[in-house]
Structures are given as structure tokens and as C-alpha cells.
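Participant: sequence plus predicted model, see below.
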Amino acid sequence: MRKPIIAGNWKMYKTHEEAKRFAAEVRGLVPDAGQVDAVICAPALFLEQLVTETKGQNLHIGAQTMHEEDSGAFTGEISPVQLKDIGVEYIIIGHSERRQYFNETDESVNRKVKAALAHGLVPIMCVGETLEQRENGDTNRVVQEQVKAGLADISAADVQKTVIAYEPIWAIGTGKTATAEDANTVCQVIREKVAELSGQESADAVRIQYGGSVKPANIQELMGMEHIDGALVGGASLESESFLKLLEAGANA
Ligand SMILES: O=C[C@H](O)COP(=O)(O)O
């Protein structure tokens, strides 16, 4: 049985004070580690402070992007070594906003997933189709290609540590959610692709999240689906109250 994983992606939201308040509000209320993996992926500025403020709880801290090199002359970038050094455990890679606005490609996603794994960070690798691709009936092909390229040359043991987030781009921040059945179908397609690329053991172990307008009102139905092991949540992860409700649903799935 795969342990549910609920990850909040704060994107470019919150001030220092607001991040601090969130950590204080969830203290002591996060379900325990046996039930769910709880993660907050925060802006880089707040990572170190959040690692300290959540110590000893089942609340793990992730970054939203990183460079694939250990160090070097890459102005403005952050390396996996630096993230690991301050206690970050997770890293979102290839979010559609990074692909759309910052030229990330399947190839750079693959390099970053490898770098994350090499440094003991858990990659949350994002895939998903645009509205146009969905309307053209291309969803399965698009996600299969993204999974194949993103996981290229990665060992089965490492694939099993990777989290894949299926986020249909048209459902992000729009209030539109894929139906639980549709989301499950695509997550199944992803799992079958992982089986083809990396073997059945990898497919059985890899955790697949759904992301796109997940909120307390719809998470239960999504988590009830066979191939959905968690959620990557933007808007509804910003308030402690709704984030805790999402964790509760994850813990009870
Ligand atoms: O990473 C999170 C996703 O982009 C979903 O964002 P959302 O929950 O605000 O739709």
C-alpha cells in the first residue's frame, strides 16, 4: 500500500510573517507520519526558517525549483547541495508554470530529477496536458512522453522514490477540476507507462498525485481513486485551516 502524500505549493505567495504564522497555526495538528506524508513547498526565502519551525513534526519542507548543478556561476539559482544543506527534503520539478514561463523542457526536467535523487531530495515531477491537447484527444500521449523523458536513465530503485504529479494545466488555479474518474484514468496511464519503462515493482511503488484546484470539498473523492496517491495543492494550501483539512483527508484515505 502506498502512503498518501499531500504537498502544498505556495508558489510566489506569502510574506515572512505569514509563513511564520502558518507554521505556528499547524504546530501539533499535523497527522502523524504513519498516515500521510505532509509537505509544504515554499518560496526559497522561507525554506530555512520553515525547516526550523517545523522540526520534530510530520511536516516536511520542499522547494519549488532548483538548478541541476551542485555549484557554479549560475546567478540567481539554487543547487540541490544548498537545499539539502539547510534541511530541505522535497523538490518540485517541471511544474507547468516553470515549463511555460522559464523554458523548462523534458530534458532539463530529467537532469533535475537525476540531480535531486543523487542528493537525496525527493523529486515531485510534474506532468500534464494543455486544454488544447486535451480537446485534441492527446492527453495520454502527452503525459506518456513527459514521463518517459523525465524518467530517462533513472534506476528502478530511484523511480520508486520519485513522486509524479499529474496536473492538467487547464485545471490549475481555475477552479476547474478534472473529474475524479478522469484524473484517475490519466494517473493509471502514467502508472502503466512507469511499468513499461521501469518494471511492475516501480509502478506499484511510485506515488502519483493529482493537482489542479484541489480543495477540502473535492479531495476525498480524488483520494478514493485507485491510482491517486495524493495531491499537489496550490491555492488551498495557503491557509492553515484548509491545508489541515487536506491532510486529514489524506490521512483517512
Ligand atoms: O502546484 C500546484 C498546482 O499548480 C495546483 O494549483 P491550484 O491548486 O491553485 O489549482
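Facilitator: That came through, no problem.
Participant: Glu201 - nearest residue in space that isn't next to it in sequence?
Facilitator: Nearest residue to Glu201 in three dimensions, chain neighbours excluded: Ala156, at 6.6 Å (Cβ to Cβ, 6 or more residues apart in numbering). The way it works is simple: take the backbone N, C-alpha and C, and place the C-beta from them, glycine included.
Participant: doesn't Gly199 make contact with the one you found?
Facilitator: Yes: contact criterion Cβ atoms under 8 Å: Ala156 and Gly199 qualify, at 5.5 Å.
Participant: returning to that earlier point: burial measure for the residue nearest to Glu201, as a count.
Facilitator: 16 (other Cβ atoms under 10 Å).
Participant: which one is the residue of the stretch 1-150 of the chain found nearest the ligand nearest to, not counting chain neighbours?
Facilitator: Nearest residue of the stretch 1-150 of the chain to the ligand, counting by Cβ to the nearest ligand atom: Asn9, 3.5 Å away. Nearest non-adjacent residue to Asn9, counting by Cβ to Cβ, 6+ apart: Cys41, 4.8 Å away.
Participant: against Val159, how distant is the residue of the chain found nearest the ligand?
Facilitator: Closest to the ligand within the chain is Gly234: 2.5 Å, counting by Cβ to the nearest ligand atom. Gly234 sits at a distance of 26 Å from Val159 (criterion: Cβ to Cβ, to the nearest Å).
Participant: stretch 23-42 vs the ligand: in contact?
Facilitator: No: using Cβ under 6 Å from any ligand atom, stretch 23-42 never reaches the ligand; the gap is at least 7.8 Å.
Participant: give the buried residues for that stretch.
Facilitator: Residues Ala23, Val26, Val30, Pro31, Gln35, Val36, Asp37, Ala38, Val39, Ile40, Cys41, Ala42 are the ones in stretch 23-42 that count as buried (16 or more other Cβ atoms under 10 Å).
Participant: which two among those residues are spaced furthest apart?
Facilitator: Greatest spatial distance among those (Cβ to Cβ): Gln35 and Ala42, at 22.4 Å.
Participant: and the strands in the stretch 51-200 of the chain?
Facilitator: Secondary structure of the stretch 51-200 of the chain (DSSP state E, counting those that start in this stretch): strands at 60-63, 90-93, 122-127, 163-166.
Participant: can you get me the start-to-end distance on stretch 123-133?
Facilitator: 25 Å (Cα to Cα, to the nearest Å).
Participant: go on, stretch 203-215?
Facilitator: This stretch, stretch 203-215, spans 27 Å end to end (Cα to Cα).
Participant: got it, and stretch 24-32?
Facilitator: With Cα to Cα, one end of stretch 24-32 sits 17 Å from the other.
Participant: got it, and stretch 117-133?
Facilitator: Start-to-end span of stretch 117-133 (Cα to Cα) is 30 Å.
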